[in-house]
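**Q** Need coordinates for the following:
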Amino acid sequence: MSTTTTTEVKDVASKEQRDLVVLGIESSCDDSCVGIIRYPTGEILADERTSQFHVHSSYGGIVPILAVREHEVNLPKVLEKALDTIPPSTKIDLIAVTTGPGLKACLRTGMNSALQLADKLQVPVMGVNHLEAHTLVCQLENKNVKYPFMTLLVSGGHTCLSITETPGRHRELGSTLDDAMGEAFDKVIRSLNDPEACSRHGGAVLESLAMKGKPNPSLRLPVALRGPTHKRPRGLEFSFSGLKSATSRTIAKNEFPVEDIAFEFQRAAVEHAINVVQLGLNTEHPKVAQLVVCGGVASNKVLRQKLGELGRKQRVEVIFPTPRLCVDNGVMVAWAGAERWAHARDDERSKLLITRETNPRARWPLGELSLS
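**A** Here you go, the predicted structure:
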């Protein structure tokens, strides 16, 4: 059984007089990722990732049993490649691994890999929330990001707006009532039967298709949840299922070019996200002066443009990670682990660590992180 000794925790704490070298493992869904960083400089020593997209694309979604099988094959390879990338004299001080949210069996595979490596290296292993990893990675590249800041997380599995107060403490303002933004993009591009949907992720394919489209006065899709109601007094929830259904009905009519449908869908989805963020900024600004946008959909150029315009209007700095750090990756897990470790008190650090008895979490909202 793998356990972490008090001595190991103290060893890591004593090394904070110099940079920590942290290895991160991500396996929450269908990407096997390993990243190695120096903290607090943010130097990326290794960034390895293997996608399973080709395995699942024909099924129209992730098949858990296949995902676990691929992680079992791919994780040892990306781990070996990452470790071979760094100089032999570089010593890993801490391992961080995603423990939720995600597919439990996939998370368990990553956790087992982390614990096995920890036994070999005699270093502690700490658990990381996947959503927090997306949220905090912006600071690796931009040291001007200061707590607290507002976070818009938009990905294939999650869409939420929150206030990031410190590592481990997030105040959720609103989340999706149904589909995540990225999930809606994926489903719409499959409904459009675009041949590229089997070779690239749906969000990227839809964005490329939308670039070829144009506004059509006869084609107008609904923008969801335009403001607060008595049931939603803050009006900060997201909803994409209605837009997805309206788009499917439009596709079935076969009256409009697919490029124009993609253009209009993207317009309506982005406008909805902008509306929610603007409401949030009106509520929280000037208490927060920065908006961090993260997750896979944060790579979308139209979303970036419109949020940039909103930021200038609201006098809020809008910050995006580079596209390679928007998608799932091991670097974000390593950075989030380092941030949590650096901001935790000595007596809190042992609570961050995992053992073989630690259970992965399928659901783990940012707002519940401080309660864990």
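**Q** Quick one: the strands in the stretch 251-372 of the chain, in order.
**A** For the stretch 251-372 of the chain, applying DSSP state E, counting those that start in this stretch gives strands covering 290-294, 317-319.
**Q** Pull up the pairing partners for the longest one, direction included.
**A** When sheet partners are counted by DSSP bridges, strand 290-294 sits next to strand 149-154 (parallel), strand 317-319 (parallel).
**Q** As CSV, the strands of the stretch 251-372 of the chain with distance to Gln52, mean pLDDT and mean neighbour count would be great.
**A** Glycine gets a C-beta too; all of them are placed from N, C-alpha and C. Listed next are the strands of the stretch 251-372 of the chain as CSV, based on distance: least, C-beta to C-beta, whole Å; pLDDT from 0 to 100; neighbours: other C-beta atoms under 10 Å:
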stretch, distance to Gln52, mean pLDDT, mean neighbour count
strand 290-294, 22, 98, 24
strand 317-319, 30, 98, 19
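**Q** want to throw these into CSV with distance to Leu221?
**A** Formatted as CSV, the entries for the strands of the stretch 251-372 of the chain read as follows, by distance: least, C-beta to C-beta, whole Å:
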stretch, distance to Leu221
strand 290-294, 23
strand 317-319, 25
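**Q** Now do the contacts for Phe256.
**A** Shown in contact with Phe256 (C-beta atoms under 8 Å, 6 or more residues apart in numbering): 216, 218-219, 250.
**Q** For those, pick the one with the most neighbours.
**A** Taking other C-beta atoms under 10 Å to define a neighbour, the member of these with the most is Thr250, carrying 19 neighbours.
**Q** what about the nearest residue to that residue once chain neighbours are set aside, neighbour count?
**A** Using C-beta to C-beta, 6 or more residues apart in numbering and skipping residues adjacent in sequence, the residue nearest Thr250 is Ile261, 5.9 Å away. Neighbour count for Ile261, taken as other C-beta under 10 Å: 25.
**Q** cool, Leu83 as well?
**A** Other residues lying near Leu83 total 19 when counted by other C-beta under 10 Å.
**Q** which of the residues in the strand or helix carrying it are buried?
**A** When elements are defined using DSSP states H and E, Leu83 is found to belong to helix 64-85. Using 16 or more other C-beta atoms under 10 Å as the burial criterion, the residues of helix 64-85 that qualify are 67-68, 70-71, 74-75, 78-79, 82-83.
**Q** The following helix or strand past it - contacts with which helices or strands?
**A** Toward the C-terminus, helix 64-85 is succeeded by strand 94-100 as the next helix or strand (DSSP H and E). In terms of contact count using 3 or more C-beta pairs under 8 Å, 6 or more residues apart in numbering; DSSP states H and E, strand 94-100 is assigned the packing partners strand 20-26, helix 104-121, strand 125-129, helix 130-136, helix 330-343.
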